[in-house]
Every structure is written in C-alpha cells, then in structure tokens.
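Novice: Have a look at this fold, sequence not included:
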C-alpha cells in the first residue's frame, strides 16, 4: 500500500477515535457529526462498533474495503473447479459463463455473488473473457 494512502487511512482512524472521545464527553451523534464534518450515520456506526468491539473496533485494521466472502483456499479450490471444465461440473457444454460460475460458488461455498462481480473475481484468479 502506498505511503499516502496509509497516511489517509490513519487520519480517518484518528477522526473516528476523536468521535468516540466526543461521544464519551456527552456529545450526541448529531453533535459529533457536525463537529467532525461527517454524516450522523457514520458516527452511529463508529459508536456501535465501539460498543460491540471496544477501541479495536474503530481502529484501522490494515485492510481496506469489505472483507472477501471467499477465503484464499476457497478461491484456489474455485480455480481448480473452473480448470476441470463445465462438463465435469454437470453442464452440457464447455462454456463457462459468469452465471454458471456464480452458481458453482453458491452451491460449493454457500456464498452469493452477483454475476457482474464474478467477472472481476475471475480476472483476479487469472482468467479472461473469451468471445
């Protein structure tokens, strides 16, 4: 991760911690949102994370974005399944579609992905679209 991005994420963490400190001083979520220039819903989310997980819940955990639904080992297994081909997975022809891959993911791993994201996931696994 680039240095500037890491610094930005640390600044955001500092703002969340300041928000928690203001809540402890008796500020309302609305008051904190006005003080820090953020949405009230953000402050409410910080408060809820703090109440359920403590200070670690509002600190930056070193990751960006939403956690992945599939583990690394599940992604490797998915790649093996795809490489075996659609016919060996019960489909009538040798054509993978994002819909078929999303079905495999749902059936095998119990995870639902939208077909549009499956294309991104396939790219991450080293596959590309073929026409």
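Specialist: Ah, there it is. As the structure is a computational prediction, the values presented were derived from the model and not from experiment.
Novice: Tell me which residues of the helix or strand where residue 107 lies come out buried.
Specialist: Assigned by DSSP states H and E, residue 107 belongs to helix 98-109. By 16 or more other C-beta atoms under 10 Å, the buried positions in helix 98-109 come out as 98, 100, 101, 102, 103, 104, 105, 109. Quick note: C-beta positions are derived from backbone N, CA and C, even for glycine.
Novice: Look up phi and psi at residue 128.
Specialist: phi -140, psi 160 (degrees, to the nearest 10).
Novice: dump the residue contacts of it.
Specialist: Contact analysis of residue 128 by C-beta atoms under 8 Å, 6 or more residues apart in numbering lists residue 122.
Novice: any idea how far it lies from residue 112?
Specialist: 24 Å (C-beta to C-beta, to the nearest Å).
Novice: ok, residues contacting the longest helix along the chain?
Specialist: Longest helix of the chain, by residue count under DSSP state H: helix 3-24. Helix 3-24 is contacted by residues 29, 31-32, 35-36, 38, 43, 46-47, 50, 55, 58-60, 64 when judged by C-beta under 8 Å, 6+ apart.
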